[in-house]
Structure formats: structure tokens, C-alpha cells
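Visitor: pasted the sequence and its predicted model underneath.
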Amino acid sequence: MIRLLTAVAAALGSSVLLGEPAQVNPPAAEPESPPQPQTPVARPTGRSLVAVAHDLRAMDGFDENAAVTRRMVDALARTVTGCSDTRAAWREFAGTDTRVGIKVTASGGPYFSTRRGVVAAVVAGLRDAGVREIIVWDKNAADLRAAGFTPQRLGCEVRAIDPPHGWDRASSFQAPALGKLIWGDLLFSEKVNPRGLGSNADDLLSSKSHLATILSKDVPRFINIAALSDEPGCGVAGALHSAVVGNLDNWRRFTTRGEGGASAIADCYADPRLGGKCVLHILDALAFTYAGGTGGSPQNSAIHNTLYASRDPVALDSLGLELLEKWRKRASFGPIGPKAAWLQGTNAGNAEREMMILSTAR
């Protein structure tokens, strides 16, 4: 018995016999191949169409009226596509694929995440269009559960990225801003000292992010349904924040390095592996937080009863920023626009009002 324990200790380290967590060296990772050049997603030519659905019955306080939002979502689909028939509109988004993803924002709990009724309406539209497999996802399983996203409620698969296991080593993104790797980032376990004795801080800096495997391998196209809120680092958390920050590891560099880091959000979206797969953005502004971040803040929130939809995420985020600034001013908060200055001039879409066509959803 003593010999057996000695062998185990030699294999796992003496900490096992002392009741401390075993420090096991991670298996050597296969070297990553350098990212291949990607043809950027083309900037919209001409003005961007934004469909606007507003109904005062959509929200009762912070509770959603799902029957009303179902009609609003269908009207958005018809307006964005120009189809008078609802099923034809959803078929345009579904294309010929039998599997479609829906990216949600689940960090705001039951009241400030993407509304479940809005997601259920998109699921129903895709089902009616013949889509057999639908995957609803966000980064963390606990957030999805807390927001009420379950297969039973939505009638489709609900999946978390599950960091660090859910990142695709073969789908990496380079951006000039450096970020400090932490647990949950794919490369963290490879760079940190396996015995926990500390690592050189410079060793944990990286300019690389990895795409979620759900997006790189599992869904050929997706619809992005973002919940609007302010974001202390990049100004606005909306369509681009959900599509990019919500699908990459080592993401903190995009929201903590000032405008230089945030501008990389739009650059990453322009990659066809990400933005090239998104067929529609819906911005959930039924109720939103204008001061408090993505986790939600009831005392700093507004009931707006409005959904926006477009193929252009920059247009949606610019409109969202206007709303945030309007309500922040009413509440005597300082402007957050300077932190979102990166939206101007990006090639990912149109930020200027004169380059948008706002159309009432019907």
C-alpha cells in the first residue's frame, strides 16, 4: 500500500498526500498554425435599412408580453426582407441550411438578457421555414439558466460555449490590442506555470483570440439577438458586442484598452468566419440599462417597448447609443459616447443617421 501511495505521489506531486489540489501538467498542445488571411465582409453599399417595431403593450414593467413580441418579431422579418409573407421572410434568413444558430445575450438575468419571447418568436419563424436544427447559445451555462433559456422553454437545443473547452484552436483572430490571459481563455493553461508558482506577467499577454466552436463548426449561419446596455469599456453593448465579444476568448482587451481596443471589435466582425455567417441582427431595447453594464440595473433602466432589426450591426449600435445617451442625460449621468467613438468610420457598417433608412415594421 505504501509503495502504491508513493507511486501516486510521484505521478501527481506530493500535494495529493497533503490534501492539496493535484497539479497535473496539461498535455502538450499541438502548435497552432498561423491564421489564414480572410477576405473581409464587405461594408454595406448605400444606406442601411433598419426595421423598427414599437408596441406599448410589449412590456408590463420588466415582464414581457410574448404574444405581442411574437408579432413584432415577425413584422421585423417581413420589413428587413421586403417580403409580404412571413414564412417567405424567414426562409430568406434560413436559406437552404437545415441548421441555424441564435446568439443571445444572457448575462442580464431574467429581466435584462435577451427576452425569451423574442427568441421563441425567431425559433418559431425558423421552424416554419423548414429549419430542423436550431442552437441557441451564449458563453456561460449558468447565465443561460438564470435568464430562463432552456430546451423545454424554447423547444430547441440550448448550449453554452463552456470556456475553456469550447474555443476552436484552428480559428484564431489576431488584433493589435494585448490582453492578459485568465482562466477560461484557451491558451491560459499552456502559459501559466503548471505548479502554480507564478508566471512572468508578459508571458500571459496575448494578441490572439479564438472563435467559439459552436460558430466555427456547428452552425453555418446565425441570427444575433442582442440585449442593449451600456458598457463601461467600449461604451455600448449591443449587436457587435454580442456577436464578437460574446464569441471570442481573450475578449477583455476589447473593452479595457480604450478606443484602440474597442475598434478591434468591428475588425473581428468583418472576418467572414464571424460576420460572414450572421444573416440578421435584432437589438432588444424593450427594456434596457443605461448605467450599470450588461448585468442590468433596474434603477438605471428604461422601458422602451421597441425592437430594432437590420443586417447592419453598426447602424443598430449607433441607434442604441443614442438611446443610452438620452436616458443618461435625463438621469444626470455623464456621456458615454466618447467610449463608443470607435463606431464612427468602421468598415463594418454605417454609423451616420443619414446613412440609415428607418422603416416601421409592418
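Guide: That came in fine, so what should we check first?

Visitor: show me where pLDDT drops low in the stretch 151-300 of the chain?
Guide: For the stretch 151-300 of the chain, residues meeting the criterion pLDDT under 70 lie at 193-202, 257-260.

Visitor: where along it do the strands fall?
Guide: Using DSSP state E, counting those that start in this stretch, the strands of the stretch 151-300 of the chain run over 157-160, 167-180, 205-212, 222-231, 235-237, 278-289.

Visitor: save these as JSON lines, and put in mean neighbour count and distance to Val104 too.
Guide: Placement of C-beta: from N, CA and C, glycine included. Output for these, formatted as JSON lines (neighbours: other Cβ atoms under 10 Å; distance: least, Cβ to Cβ, whole Å):
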{"stretch": "strand 157-160", "mean neighbour count": "18", "distance to Val104": "9"}
{"stretch": "strand 167-180", "mean neighbour count": "18", "distance to Val104": "19"}
{"stretch": "strand 205-212", "mean neighbour count": "21", "distance to Val104": "13"}
{"stretch": "strand 222-231", "mean neighbour count": "28", "distance to Val104": "5"}
{"stretch": "strand 235-237", "mean neighbour count": "28", "distance to Val104": "13"}
{"stretch": "strand 278-289", "mean neighbour count": "25", "distance to Val104": "9"}
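
Visitor: go through these and name the closest to Gly320.
Guide: The closest of the strands of the stretch 151-300 of the chain to Gly320 is strand 222-231. By Cβ to Cβ, the value is 4.7 Å.

Visitor: sheet partners, orientation included, of that closest one?
Guide: Sheet pairing of strand 222-231 (DSSP bridges) gives strand 99-104 (parallel), strand 235-237 (antiparallel), strand 278-289 (parallel).

Visitor: quick revisit: nearest to Phe254, of the strands of the stretch 151-300 of the chain?
Guide: strand 167-180 (6.8 Å).

Visitor: give me the angle between the closest one and strand 205-212.
Guide: Here strand 167-180 runs at 150 degrees with respect to strand 205-212, directions being taken by axes from the mean of the first three to the mean of the last three Cα atoms, to 10 degrees.

Visitor: one step back: Asp128: which of the strands paired with strand 222-231 is closest?
Guide: Closest among those, using Cβ to Cβ: strand 99-104, at 12.4 Å.

Visitor: residues in contact with the closest one?
Guide: Contacts of strand 99-104 with the rest of the structure, by Cβ atoms under 8 Å, 6 or more residues apart in numbering, involve 93-94, 113-114, 119, 122-123, 126, 131-138, 144, 147, 149, 214-215, 218-227, 242-243, 246-247.

Visitor: show the buried residues in those residues.
Guide: For those, a burial check counting by 16 or more other Cβ atoms under 10 Å picks out 93-94, 113-114, 119, 122-123, 126, 131, 134-138, 144, 147, 149, 214-215, 218-219, 221-227, 242-243, 246-247.

Visitor: filter those residues down to the ones in helices?
Guide: Secondary structure from DSSP state H places Phe93, Ala94, Val119, Val122, Val123, Leu126, Leu144, Ser242, Ala243 of the buried ones among the contacts of strand 99-104 in helices.

Visitor: the first one against Arg78, yeah?
Guide: No: in this structure Phe93 lies outside contact range of Arg78 using Cβ atoms under 8 Å: 11.2 Å.

Visitor: what's the closest of the strands of the stretch 151-300 of the chain to Ala89?
Guide: That would be strand 278-289 among the strands of the stretch 151-300 of the chain, by Cβ to Cβ, at 10.1 Å.

Visitor: the closest one: how far from the chain's middle?
Guide: Put simply, strand 278-289 sits 11 Å off its chain's centre (Cα atoms, centre = their mean, to the nearest Å).

Visitor: could you pull out the buried residues of the very next helix or strand once past that strand?
Guide: For strand 278-289, the following helix or strand on the C-terminal side (DSSP states H and E) is strand 301-310. For strand 301-310, a neighbour-count test (16+ other Cβ under 10 Å) marks Ser301, Ala302, His304, Asn305, Thr306, Leu307, Tyr308, Ala309, Ser310 as buried.

Visitor: once you drop chain neighbours, what's closest to the fourth one?
Guide: Spatially, and ignoring its direct neighbours in sequence, Asn305 is nearest to Ala58 (4.5 Å; Cβ to Cβ, 6 or more residues apart in numbering).
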